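Trainee: Have a look; sequence and predicted model below, questions after that.
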Protein chains: 2
Amino acid sequence: MSHTLSETLTVDLGSRSYPIVIGSRLLPQLGAYLQPLLPGRQVAIVSNTTVAPLYLEQVEEALQQQGFATLAILLPDGEAYKTWPHLQTLFDALIQNHFERSATLLALGGGVVGDMTGFAAATFLRGVNFVQIPTTLLAQVDASVGGKTGINHALGKNLIGAFYQPRQVLIDVQTLTTLPVRERLAGLAEVIKYGIIWDETFFQRLERDLDGLLLLQQELLIETIRTCCTIKAAVVAADERESEGGHRALLNLGHTFGHAIETLSGYGQLLHGEAVAMGMVMAADLSHRLGLCGAEAVARIRQLLARCGLPLQAPAFPVDAYLEAMGRDKKVLDGALRLVLVQAIGQAVIRRDIPLESVRQTIQQHLQATGKPV
Amino acid sequence: MSHTLSETLTVDLGSRSYPIVIGSRLLPQLGAYLQPLLPGRQVAIVSNTTVAPLYLEQVEEALQQQGFATLAILLPDGEAYKTWPHLQTLFDALIQNHFERSATLLALGGGVVGDMTGFAAATFLRGVNFVQIPTTLLAQVDASVGGKTGINHALGKNLIGAFYQPRQVLIDVQTLTTLPVRERLAGLAEVIKYGIIWDETFFQRLERDLDGLLLLQQELLIETIRTCCTIKAAVVAADERESEGGHRALLNLGHTFGHAIETLSGYGQLLHGEAVAMGMVMAADLSHRLGLCGAEAVARIRQLLARCGLPLQAPAFPVDAYLEAMGRDKKVLDGALRLVLVQAIGQAVIRRDIPLESVRQTIQQHLQATGKPV
């Protein structure tokens, strides 16, 4: 395998277009990648206390070799810390170190680090440069591409945030070798999502290649992540701000149920990908119940997720608690519940006409079916 | 005088262009103005405890007549409250009232209300609609146009924020009749700024018409505000995000000194326009000292500001404290102090090569000259 195996995609957003570089052992070349892109010399590397011991030194060296002045800012690890007080400590560090408008914030970590760093970049001095180095599979295929940034509110996830695009996303699949297995599997839930909503052939490839992915075969990882990012880039380019009537909301398959599951469970109990896996199963079940797709599609989705070892049974909370939590989700428009449903593997649809009663029945049935084999 | 006297300008920003409507007795027609612009029915009217008793009921009625559902959110009055905790109470109210992405936040008040409401609109659910109804002269000629939003940080003003454009700005000069005189005068500092940086003819008109403005003659107010907004709209359209090398920074004449004065004095001691007046005098003095403009220009600037009853002598703090506070300001690029200086009345220039020593001398001299007649 080549030492510099890499591929580059572009997210096409006019003057805000940016490259996604995907490869293996890219971190040592980071400075060279960023050199032509960034106007200023100040780079704050934002990471967390789990990722920093593994990769911070390498990233600092790669940047310093190219003349960048680096500042490391470490956050505690976990969704529970994606809140204003921790964002505030980030701002404090930037201000105390006299960071200027030409500076860059570089996110080194998973989705939480990326979301917080991106929101900090969007709002510090009304906007500074932003670079994403996602180190989890979930962040590599989803969170790092597309410009969604933000923090949580006590009453719901990601309620405060901004659309803010990075200058570059650099994905080094080598970082997956240090990722805990549970997080890798949770990331696969979002990978599988792309197959369900967009590309049946990709879903079939995943059915065929899953074992190789679980073994972290590098070429297979690069190819898989490239496919996910290509789909996401196309969706984002066509509908950057998730407009009414746009396609970006397709990416939320399983997320309205999933966010409710996360909210009710309390942040930090379930990984985002795990909640999304449960949510996709519920969305598929609802689709079948409404006559949108056949039972085989539901079964294939359940099977592939189950092969990843993902939990598919949502935790038992009162149905009304689920509905209340879903109503607080952003994907609600003018009082009607908007959900992404499955018509077939490779084909999802946004529906805003779903009777609340059907959703209630789906939750009820799903929660009751605790003994059902996956 | 006609009952519906009004003029409409457009801020030209492509798909984000928006109208500025300037007139007298416009508030009762607010609902009709917004009806065709806003996609959703939910409107949160954000105001403060000073402005709300004067205009909230009128605004609520005008909106409800057109079928909008309104929610009033009141903030305490003053720059000292332009902070995260108060923004948080705004978010809490929006979430508890199930505000959705199609909703609108309407700022009814001065610059603080506009900045906070705009930042809330920029970041709630990653962006909802925003409308500005500025009720102070300062906000009408400056803060409400151009999309700068944000909050203060303990270490400096407006350090956290976003560029986020409103869907409409509606300026009713009738609201100036209830504005305290001191705030009216402070607003005139920003009016005069436009003459200094952009338009000598306008400066001459101000020298001629100042007494009428001080008496709140409606046509004169509309004409004057229209000129200010036209200049600001042109500057913003050409350089929305205050880029390196762009002209938007010209609008910051007096602001780097002014922000330092505000920071050192503590928020709430001086009005923004008062600090800017002092800052413009310091910038003019520095310009003359560097040989950029003649003594007559400095004298005309001082005289016009003095006729408004504005304080022109900056408060006595140590020079190093000034320099430190200026260094924390956003208008610093790569370590060099960037300042807007005056070449002539109607012609300002952005300079980034100013020796720190000259700035030090200016501050020193300005502070020492406490007995100097204005």
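Mentor: The structure has been received and is ready for your questions. Residues are numbered from 1 along each chain as shown, chains lettered A, B, ... in the order given.
Trainee: show me where chain A has helices.
Mentor: A:30-34, A:52-64, A:84-96, A:111-123, A:137-138, A:181-198, A:200-214, A:218-238, A:255-265, A:272-289, A:295-307, A:319-327, A:356-368 (DSSP state H).
Trainee: quick check: angle from the last one to helix A:319-327?
Mentor: Computed by axes from the mean of the first three to the mean of the last three Cα atoms, to 10 degrees, the angle separating helix A:356-368 from helix A:319-327 equals 120 degrees.
Trainee: just the longest one next, same as before
Mentor: If you take the same axes, to 10 degrees, helix A:218-238 sits at 70 degrees to helix A:319-327.
Trainee: Quick one: check helix A:218-238 for contact with chain B.
Mentor: No - for a cut-off given as Cβ under 8 Å from any Cβ of the partner chain, helix A:218-238 has no contacts with chain B; the smallest distance is 13.2 Å. (C-beta placed from N, C-alpha, C; glycine too.)
Trainee: which helices and strands sit right next to that helix?
Mentor: strand A:6-11, strand A:18-23, strand A:168-172, helix A:181-198, helix A:200-214 (3 or more Cβ pairs under 8 Å, 6 or more residues apart in numbering or on different chains; DSSP states H and E).
Trainee: Which of the helices of chain A sits closest to B:Gly78?
Mentor: Of all those, helix A:84-96 sits nearest to B:Gly78, with 21.3 Å by Cβ to Cβ.
Trainee: that older thread, which stretch in the helices and strands packed on helix A:218-238 is the model least sure about?
Mentor: Mean pLDDT values for these show the minimum at strand A:6-11, a mean of 92.
Trainee: Can you tell me what sits against it?
Mentor: A:17-24, A:26, A:145-146, A:165, A:222, A:226, A:229-230, A:233, A:236-237 (Cβ atoms under 8 Å, 6 or more residues apart in numbering or on different chains).
Trainee: That strand relative to strand A:168-172, how many degrees between them?
Mentor: Using the same axes, to 10 degrees: strand A:6-11 against strand A:168-172 is 150 degrees.
Trainee: tell me which residues in strand A:6-11 are buried?
Mentor: A:6, A:9, A:11 (16 or more other Cβ atoms under 10 Å in any protein chain shown).
Trainee: Check chain A and tell me which residue is nearest its centre.
Mentor: For chain A, A:Ala143 is the residue whose C-alpha lies nearest the centre (Cα atoms, centre = their mean; 2.9 Å).
Trainee: Surely that one touches A:Thr117?
Mentor: No - judged on Cβ atoms under 8 Å, A:Ala143 makes no contact with A:Thr117 at a distance of 11.0 Å.
Trainee: got the contact list for the residue lying closest to A:Leu356 once chain neighbours are set aside?
Mentor: Once flanking residues are discounted, A:Leu356 sits nearest to A:Leu337: 6.2 Å by Cβ to Cβ, 6 or more residues apart in numbering or on different chains. Each residue near A:Leu337 by Cβ under 8 Å, 6+ apart is listed here: A:256, A:326-327, A:352, A:354, A:356, A:359.
Trainee: What of A:Glu183?
Mentor: Counted by Cβ under 8 Å, 6+ apart, A:Glu183 has contacts A:110, A:136-138, A:271, A:273.
Trainee: rerun that using 6 Å as the cut-off
Mentor: A:Thr136 (Cβ atoms under 6 Å, 6 or more residues apart in numbering or on different chains).
Trainee: Among the buried residues of strand A:6-11, which one lies nearest to A:Lys157?
Mentor: A:Val11 (23.7 Å).
Trainee: quick one on the thing from earlier: and the helices and strands packed on helix A:218-238, which is most packed in?
Mentor: strand A:168-172 (a mean of 25; mean count of other Cβ atoms under 10 Å in any protein chain shown).
Trainee: Just the C-alphas of it, formatted as CSV.
Mentor: Extracted C-alpha coordinates of strand A:168-172, given in CSV (Å, rounded to 0.1, in the frame of the first residue of the first chain):
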residue,chain,number,x,y,z
GLN,A,168,-10.5,22.0,4.5
VAL,A,169,-11.4,18.6,5.9
LEU,A,170,-8.5,16.2,6.3
ILE,A,171,-9.4,12.6,7.0
ASP,A,172,-6.6,10.3,8.1
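Trainee: Please consider this matter closed, and thank you.
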